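**Student:** Need a 3D model of the following:
(one chain, ligands or ions: 1)
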Amino acid sequence: MNPVSRFVRLASLLVSEALAPRTLQRIPEPAVVMEDPERVRAFHDQGDPSTGPLLPVYHLNAVATSRLMPLGGRLLDGGSGSGRNLIYLARCRQDIRITGLDMSGEMVSLGNAEIRKAGLEDRVRLVVGDMTDLEAGVQDRVDVVSSIFAFHHLPRREALHQCLESMARLVDRFGCAVWSFDHARPRLRWTADIFPGIFTPESPDFFNRDSTNSLKASFSFEELSASFDACFPGRTVAHARSKLLRLYQVHWMPGKRSGSIADPSRELNEDRLPADARKAYRSLQWLFRSTPLIRGAPPSAASQEAP
Ligand SMILES: C[S@@+](CC[C@H](N)C(=O)[O-])C[C@H]1O[C@@H](n2cnc3c(N)ncnc32)[C@H](O)[C@@H]1O
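**Tutor:** Below is the predicted model of the structure:
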């Protein structure tokens, strides 16, 4: 697609998503657990640390997670895939330990091989496990529990509630922080269909088909916010959706040890990103410009945005 038609499509997407009534109901992922080796490899490659289009997303998540994470903290991540974002975070935060849980043996073995190659096996490990029962992955304590690009893989709302309730039990037990990032389902099926052609035109078909399916399988911002509120009774979870391109959502809650370090790491500076990824990261950060945790305020200043 040439740059002019890309721009025209993007403009039509933004206008129609802002004005059209919702007609797209949730369509669960055709394959909930990513076991197919080609699909696993296609997803893994998109997180390549020098060229992968997922790098800006990984950086944004590393920044937010890190702001919630105390010194020497422990992260438990559900639906971690091959853990590329966890490796990225571990390189930025050399003081922390990470356990990632994924139902796919294929993802876990590819990821653990990558972790060994990176020499991070003392601090990062992936295990086969179910994010609807996160407690099974707990070794001693948890300081942040997270899930990134994974809620949309859960088949039904009941499974989402099991996952969130298991996060809430970890909060009761450890006083840990919560962080989640995912797509927000578009209003129109057309948006999901044209999204990859606009944003990742160079990526393989496998990955782009996955992106379309992921958008269709995502929970809307209103659905996910309501589910968090229902599963964390008596607690305040902050909710935010990206502005303008309203297809990403984050939900978080500081933990009792969050904010104990002011500048978590110099390594989280965006200069570590290759030039194209840095530009894309700045755009993504701009879409969340009213979200204090992403903009750079301390976690205690997290504010609620109305759904
Ligand atoms: C799109 S990938 C995201 C991977 C990673 N978080 C990232 O951002 O790179 C979603 C992952 O969720 C996994 N998954 C699906 N259902 C799951 C469950 N109930 N428990 C754990 N993992 C699950 C899939 O196997 C897949 O690897």
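**Student:** Correct me if wrong, but Ala136 is in a strand.
**Tutor:** No: with DSSP: H, G, I helix; E, B strand; the rest coil as the criterion, Ala136 is located in helix rather than a strand.
**Student:** give the contact list for the residue lying closest to it once chain neighbours are set aside.
**Tutor:** Once flanking residues are discounted, Ala136 sits nearest to Gly129: 5.4 Å by C-beta to C-beta, 6 or more residues apart in numbering. C-beta here means a position set from N, CA and C on the backbone, and glycine is covered the same way. Residues near Gly129 by C-beta atoms under 8 Å, 6 or more residues apart in numbering: 101-103, 136-137.
**Student:** Can you add pLDDT and give these back as CSV?
**Tutor:** Below are the contacts of Gly129 laid out as CSV (pLDDT from 0 to 100):
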residue, pLDDT
Leu101, 97
Asp102, 97
Met103, 96
Ala136, 89
Gly137, 80
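**Student:** filter the residues you listed to the buried ones?
**Tutor:** For those, a burial check counting by 16 or more other C-beta atoms under 10 Å picks out 101-103, 137.
**Student:** out of the residues you listed, which touch the ligand?
**Tutor:** Contacts with the ligand within the buried ones among the contacts of Gly129, as defined by C-beta under 6 Å from any ligand atom: 101-103.
**Student:** Enumerate the residues of the protein near the ligand.
**Tutor:** So far as C-beta under 6 Å from any ligand atom goes, the chain lies against the ligand at 32-34, 47, 78-81, 84-85, 101-104, 107, 130-132, 148-150, 153.
**Student:** and those, which are buried?
**Tutor:** 34, 47, 78-81, 84-85, 101-104, 107, 130-132, 148-150, 153.
**Student:** OK, now which residue of the stretch 51-200 of the chain is nearest to the ligand?
**Tutor:** The minimum distance from the stretch 51-200 of the chain to the ligand, using C-beta to the nearest ligand atom, falls at Gly81 (2.7 Å).
**Student:** excluding its backbone neighbours, what's nearest that residue?
**Tutor:** Nearest residue to Gly81 in three dimensions, chain neighbours excluded: Met107, at 4.9 Å (C-beta to C-beta, 6+ apart).
**Student:** in whichever strand or helix holds the one you found, what counts as buried?
**Tutor:** Per DSSP states H and E, Met107 falls inside helix 105-117. By neighbour count with 16+ other C-beta under 10 Å, helix 105-117 contains the buried residues 106-108, 110-112, 114-115.
**Student:** That helix packs against which elements?
**Tutor:** helix 37-45, helix 84-92, strand 97-102, strand 124-128 (3 or more C-beta pairs under 8 Å, 6 or more residues apart in numbering; DSSP states H and E).
**Student:** in the shortest one, what's buried?
**Tutor:** This means strand 124-128. 124-126.
**Student:** quick revisit: and the residue of the stretch 51-200 of the chain closest to the ligand, what element?
**Tutor:** Judged by DSSP H and E, Gly81 forms part of no helix or strand.
**Student:** how about the helices of this structure, start to end?
**Tutor:** Using DSSP state H, the helices of the chain run over residues 3-19, 37-45, 55-68, 84-92, 105-117, 157-174, 189-199, 205-217, 221-231, 275-287, 292-295.
**Student:** and the first one, what's its mean pLDDT?
**Tutor:** Summarised as a single mean, pLDDT over helix 3-19 is 92.
**Student:** which residues are in contact with that helix?
**Tutor:** By C-beta under 8 Å, 6+ apart, helix 3-19 touches 1, 186-188, 190-191, 194-195, 197-198, 201, 244-247.
**Student:** From the chain's centroid, how far away is that helix?
**Tutor:** On the basis of C-alpha atoms, centre = their mean, to the nearest Å, helix 3-19 sits 24 Å off its chain's mean C-alpha point.
**Student:** Could you export it as PDB, CA atoms only?
**Tutor:** What follows is helix 3-19, C-alpha atoms only, in PDB (Å, rounded to 0.1, in the frame of the first residue of the first chain):
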ATOM      1  CA  PRO A   3       1.900   6.100   1.700                       C
ATOM      2  CA  VAL A   4      -1.100   8.200   0.500                       C
ATOM      3  CA  SER A   5      -3.600   5.300   0.600                       C
ATOM      4  CA  ARG A   6      -2.200   4.300   4.000                       C
ATOM      5  CA  PHE A   7      -2.800   7.800   5.300                       C
ATOM      6  CA  VAL A   8      -6.300   7.900   3.800                       C
ATOM      7  CA  ARG A   9      -7.100   4.500   5.400                       C
ATOM      8  CA  LEU A  10      -5.800   5.600   8.700                       C
ATOM      9  CA  ALA A  11      -7.800   8.800   8.600                       C
ATOM     10  CA  SER A  12     -11.000   6.900   7.700                       C
ATOM     11  CA  LEU A  13     -10.300   4.400  10.500                       C
ATOM     12  CA  LEU A  14      -9.900   7.200  13.100                       C
ATOM     13  CA  VAL A  15     -13.100   9.000  12.000                       C
ATOM     14  CA  SER A  16     -15.300   5.900  11.700                       C
ATOM     15  CA  GLU A  17     -14.100   4.500  15.100                       C
ATOM     16  CA  ALA A  18     -14.900   7.900  16.700                       C
ATOM     17  CA  LEU A  19     -18.300   8.200  15.200                       C
END
